[in-house]
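In: Dropping the sequence and predicted coords here.
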Amino acid sequence: MEGVASAVPFDVAAIRADFPALAQTVHGRSLVYLDNAATTQKPRQVIDAIAGYYARDNANVHRGVHALSERATEAYEGARQKVRAFVNANSVAEIVFTRNATESINLVARAWGDANVNEGDEVLITAMEHHSNIVPWQQLCERRGATLRVVPIDDDGDLVMDEFDRLLSARTKMVAVAHLSNALGTINPVAEITARAKAAGATVLIDGSQAAYHLAVDVRALGVDFYVFTGHKVYGPTGIGVLYGREAVLDAMPPFLGGGDMIRTVTLERSTWNDLPYKFEAGTPHIAGAIGLGAAVDYLRAIGFDAIGAHEARLLARATDAVASVPGTRIVGTARRKASVVSFVMAGIHPHDIGTIVDREGVAIRTGHHCAQPVMDRFGIPATARASFAMYNTIEEIDTLVAALNRARSLMG
């Protein structure tokens, strides 16, 4: 894949200096930000790219012939080319900008699903999916009279692949699977899943929201039909997401939304549609968001996923051992292949209380069901506390987290 090797030595101190938010204090303590699975902080390069667009090039794209519009269009389409290279798509025609991964999945469920799924068909998902990769398929099945099938997970948080094989059949029209679980950290074998699904004649969508800032993604190597991710988790801005779709599949789909820029011609009797990817980008897009996402992609590619992965693996190993050492603590999610998520419960302390206490120590973690209520049901718990790591986190911050957890244990008895 293009541009995934480490281009410079990994220097976490230098990386941290690029992120202004990390320099602040919270409750009189240096911030330890461990809520990266919810959203990552943004480097100056992304902030400057967004500010630069609004300060110099603020104009609508594609239709203007004046200088500002031409510059805005060049930057917007330049960002699309950067994303194309980031996921190794064949063409920029395969990169659709959306608001987020949720909208990307809904787009597919509506535009592809309503045209291809009928009564008696099946959609196959897993029990570890984020609600965004459950609800649109439930709605599709209700509309079309199809059946939703679910691959279970085992006690470690791994998919039960024997059950995947059993559930996959000639009736399966769509297989929709998370690349990396936001609640458990499990890295799913998506290349293997895709190969099996395609052999059965199914279409495949991979939710890469968590994976895209931890792992190099190569959609051609994976062989998927759709791959989605969201900008704010790859160190980019909120309100921008990506739908990769194979060109032939996107071309056969009807539009999702109607309006400006997605049309070729409009009369009062009928309309015709624009070329890909614009057929799926109705109205004025989030221009600044796309430009900021392009800057985030540049930033990630300059560091390289080899270096990022090695650093985050060290963080995960240290955090797993250290959190497990806190008395009364149980880690939820011990899959064979994991990335930077440690979810846990502490005996006698509700996760919300854990989150509140460690926040007073300057440590930001996430507590709750993480938009993955079926995962909580599977493990018989209402919620977990979740520490999630990014490339700018340090071993010392993990030590601060553990000290804060011991503080919570002491306060709550």
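Out: Looks like it arrived, so ask away. Residues are numbered from 1 along each chain as shown.

In: Stretch 378-398 spans what distance, first to last residue?
Out: 28 Å (Cα to Cα, to the nearest Å).

In: no, scratch that, I was asking about stretch 88-108
Out: Note: stretch 88-108 ends 20 Å apart using Cα to Cα.

In: what is the mean pLDDT for it?
Out: For stretch 88-108, mean pLDDT rounds to 98.

In: Show me which residues of it are buried.
Out: 88-89, 93-108 (16 or more other Cβ atoms under 10 Å). Every C-beta, even on glycine, is put in place using the N, C-alpha and C of the backbone.

In: To what extent is G348 buried, counted in neighbours?
Out: Close neighbours of G348, defined as other Cβ atoms under 10 Å, add up to 10.

In: Show the contacting residues for it.
Out: Contacts here follow Cβ atoms under 8 Å, 6 or more residues apart in numbering; on that basis G348 touches G328, M412, G413.

In: any idea which of the residues you listed is the one closest to T320?
Out: The nearest member of the contacts of G348 to T320, counting by Cβ to Cβ, is G328 at 16.4 Å.

In: Could you count how many residues lie near the residue lying closest to the closest one once chain neighbours are set aside?
Out: The shortest distance from G328 to any non-neighbouring residue, by Cβ to Cβ, 6 or more residues apart in numbering, is to A347 (3.8 Å). Residues lying near A347 (other Cβ under 10 Å) number 10.

In: and the buried residues of stretch 88-108, which of them are in helices?
Out: Cross-referencing these against helices under DSSP state H gives A101, T102, E103, S104, I105, N106, L107.

In: Let me know the helix or strand that V228 is in.
Out: In the assignment (DSSP states H and E), V228 maps to strand 226-230.

In: same for whichever helix or strand comes after that strand, what does it pack against?
Out: Per DSSP H and E, the first helix or strand lying C-terminal to strand 226-230 is strand 241-245. Applying 3 or more Cβ pairs under 8 Å, 6 or more residues apart in numbering; DSSP states H and E, we find strand 241-245 packed against helix 67-87, strand 95-98, helix 101-107, strand 226-230.

In: Distance to I193 added to these, as JSON lines?
Out: Formatted as JSON lines, these follow (distance: least, Cβ to Cβ, whole Å):
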{"stretch": "helix 67-87", "distance to I193": "17"}
{"stretch": "strand 95-98", "distance to I193": "23"}
{"stretch": "helix 101-107", "distance to I193": "17"}
{"stretch": "strand 226-230", "distance to I193": "13"}
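
In: Deepest in the core, which of these is it.
Out: The highest mean neighbour count among these, using mean count of other Cβ atoms under 10 Å, belongs to strand 226-230: a mean of 28.

In: Mind listing residues that contact that strand?
Out: Strand 226-230 has contacts (Cβ under 8 Å, 6+ apart) with 87, 98, 100-102, 104-105, 108, 112, 203-209, 211-212, 217, 219, 240-246, 249.

In: Helices of the stretch 251-400 of the chain, start to end?
Out: Using DSSP state H, counting those that start in this stretch, the helices found in the stretch 251-400 of the chain span residues 287-303, 305-324, 351-360, 373-379, 395-412.

In: And the last one, what's buried?
Out: Neighbour-count burial for helix 395-412, with 16+ other Cβ under 10 Å as criterion, is recorded at E397, I398, T400, L401, V402, A404, L405, A408, R409.

In: With the third one instead?
Out: Judged by neighbour count (16+ other Cβ under 10 Å), helix 351-360 contains these buried residues: P351, D353, I354, G355, I357, V358, D359.

In: Could I get the residues you listed in TSV, plus columns for pLDDT and distance to R366?
Out: Converted to TSV, the buried residues of helix 351-360 look like this (pLDDT from 0 to 100; distance: Cβ to Cβ, whole Å):
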residue	pLDDT	distance to R366
P351	96	9
D353	96	14
I354	96	11
G355	97	7
I357	96	14
V358	97	11
D359	97	11
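
In: and of these, the nearest to I263?
Out: Lowest distance from I263 to the buried residues of helix 351-360 (Cβ to Cβ) belongs to G355, with 47.6 Å.

In: Hmm, T367 and that closest one touching each other?
Out: Yes. Contact status for G355 versus T367: in contact at 3.8 Å, counting by Cβ atoms under 8 Å.

In: Give the residues shared as contacts by these two.
Out: Common contacts of G355 and T367, defined by Cβ under 8 Å, 6+ apart, comprise A385.

In: pLDDT check: weakest of the contacts of G348?
Out: In terms of pLDDT, G413 ranks lowest among those, with 70.

In: R171 against E122, yeah?
Out: Yes. Contact criterion Cβ under 8 Å: R171 and E122 qualify, at 4.5 Å.

In: who has more neighbours, the two?
Out: Using other Cβ under 10 Å, the more surrounded residue of R171 and E122 is E122, with 20 against 17.

In: Name the residues of stretch 362-375 that come out as buried.
Out: Neighbour count says stretch 362-375 has 362-372, 374-375 buried, by 16+ other Cβ under 10 Å.

In: Can you pull the domain assignment for this structure?
Out: Structural domains assigned to the chain are 12-41+304-412, 47-301, following automatic domain parsing.

In: before we move on, back to that, narrow the contacts of strand 226-230 to just the buried residues.
Out: Neighbour counting with 16+ other Cβ under 10 Å marks 87, 98, 100-102, 104-105, 108, 112, 203-209, 211-212, 217, 219, 240-246 as buried within these.

In: show me what contacts the closest residue in space to E103 that isn't next to it in sequence?
Out: Spatial nearest neighbour of E103, chain neighbours left out: G241 (6.0 Å); criterion: Cβ to Cβ, 6+ apart. Residues near G241 by Cβ under 8 Å, 6+ apart: F97, T98, R99, N100, A101, T102, E103, S104, V228, F229, T230, G231.
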